[in-house]
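1. Only the shape, not the letters, is given here:
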């Protein structure tokens, strides 16, 4: 994906309004993280990628002279987190989520598999965390996985409050390039 | 994927001969690595996963009451390797390929992006390597990425000979569970 230096795409006023454009009115968290990771890669600071969306492919057409076309496939539940890679010799692993809620982040948006996965990589020495955005405030928090996992697993709560993130998370300042400099937080916490 | 303890699927003699069954007459390298990684995960030795196949999704149908159905998508060229994860605190990254050739492994089966990616993760402290299988001999070699990358990049050769793998690679013994115990090689080389 190629972006303009200010991290925004130029959308022509004649562009057709479609399914996608409305959901990307503001820049999504995924977009910001991808831009940030591309910046880290190009400046040789870290190698962190988003994993492809897991898809169950059922049928593929192989037309002559053109590329194979997948004609039937379904989204699969991810068994790991979306992002991983390496930074300063350390294995990095995280999940990113945004919520429209003004009061809390619901656990329902994290799959049990992802919690299991983070628990395991932490046990093997990973730096594991969440990046959680409250869209209503345009605030993006870095939270160590070890802080969220116990709450998720004890089953007493179905969400964590915005207030909890203010206390336990670390606000990632928004910048132009990279837009969310989460390695800075990692430097403070782990190095 | 669930497999029988001997790592083989039971195929009924009445089973329909289809596109898939012929290409899986012997167990594929991918199958063996997935089984091995599942074993490492269940015995808490390492957390290493295959990344999902990268797919460009063009059209999705959202029928009522049933799962979203992808009706048009295309395979994308991967920008990284297929496998990564963590072992003993180290970031692990590798690509696996099998060849039907009896004499050499062709560079054409590795994407330039994957070489670039391995070069980068090595620079950040990863354990990066290839697992290459010569199907004709049923031999599977572990080769450090640092040994293959210079040959790939200098552009003088279009392949590496089977003999080269015998000299420079490490033969991974085939077992029942795990079928290809590549962590044993990593232990010898790096720990």
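-> Cool, got the structure. Fair warning: this is a prediction, and the values are worked out from it, not measured in the lab.
2. Could you pick out the residues of chain A near chain B for me?
-> Counting by CB under 8 Å from any CB of the partner chain, the residues of chain A close to chain B are A:41, A:44, A:46-47, A:49, A:51-55, A:57, A:67-76, A:79-80, A:84-91, A:93, A:117, A:120-121, A:123-126. C-beta here means a position set from N, CA and C on the backbone, and glycine is covered the same way.
3. So which of those are in helices?
-> Those of those mapping onto helices are A:41, A:117, A:120-121, A:123, per DSSP state H.
4. Please enumerate the strands of chain A.
-> Assigned by DSSP state E, chain A shows strands spanning A:47-50, A:55-61, A:69-75, A:83-87, A:90-99, A:104-106, A:127-134, A:139-144, A:159-161, A:170-171.
5. by contact count, what packs against the fourth one?
-> The reference is to strand A:83-87. Contacts defined by 3 or more CB pairs under 8 Å, 6 or more residues apart in numbering or on different chains; DSSP states H and E place strand A:83-87 against helix A:29-42, strand A:47-50, strand A:90-99, strand B:83-87, strand B:90-99.
6. of all those, which gets the most neighbours per residue?
-> Highest mean neighbour count among these (mean count of other CB atoms under 10 Å in any protein chain shown): strand B:83-87, with a mean of 24.
7. Residue A:89 against residue B:122, yeah?
-> No - with contact defined as CB atoms under 8 Å, residue A:89 does not reach residue B:122; the gap is 11.0 Å.
8. Comparing these two, which residue is more hemmed in?
-> residue B:122 (19 against 11; other CB atoms under 10 Å in any protein chain shown).
9. Verify the contact between that one and residue B:128 for me.
-> Yes - applying CB under 8 Å, one finds residue B:122 in contact with residue B:128, separated by 4.9 Å.
10. list residues touching both of the two?
-> In terms of CB atoms under 8 Å, 6 or more residues apart in numbering or on different chains, residue B:122 and residue B:128 are both contacted by the residues B:145-146.
11. Kindly supply the ChimeraX command isolating those of the residues of chain A next to chain B that are buried.
-> To isolate the buried members of the residues of chain A next to chain B in ChimeraX, using 16 or more other CB atoms under 10 Å in any protein chain shown:
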select /A:41,46,47,49,51,52,54,55,69,70,71,73,80,84,85,86,87,90,91,93,117,120,121,124,126
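12. can you tell me how far the residue in chain A sticking out farthest from the centre sits from residue A:170?
-> Most distant from the centre of chain A: residue A:64, at 37.8 Å, with distances by CA atoms, centre = their mean. Taking CB to CB, to the nearest Å as the measure, residue A:64 falls 55 Å from residue A:170.
13. Below-threshold pLDDT in chain A: ranges please.
-> The model of chain A has pLDDT under 70 over residues A:1-26.
14. Kindly recompute the last result at 90.
-> Along chain A, the parts satisfying pLDDT under 90 run over A:1-27, A:63-67, A:78, A:155, A:176.
15. middle-most residue in chain A, spatially?
-> residue A:96 (2.9 Å).
16. check contacts around it.
-> Per CB under 8 Å, 6+ apart, neighbours of residue A:96: A:29-30, A:33, A:82-83, A:130-133.
17. same check, this time on residue A:120
-> Taking CB under 8 Å, 6+ apart, one finds B:41, B:44, B:47 in contact with residue A:120.
18. shouldn't residue A:62 be in contact with residue A:71?
-> No - counting by CB under 8 Å, residue A:62 does not reach residue A:71; the two are 10.6 Å apart.
19. Now do the shared contacts for these two.
-> Counting by CB under 8 Å, 6+ apart, residue A:62 and residue A:71 have no common neighbour.
20. one step back: got the phi and psi for the residue farthest from the centre of chain A?
-> phi -70, psi 140 (degrees, to the nearest 10).
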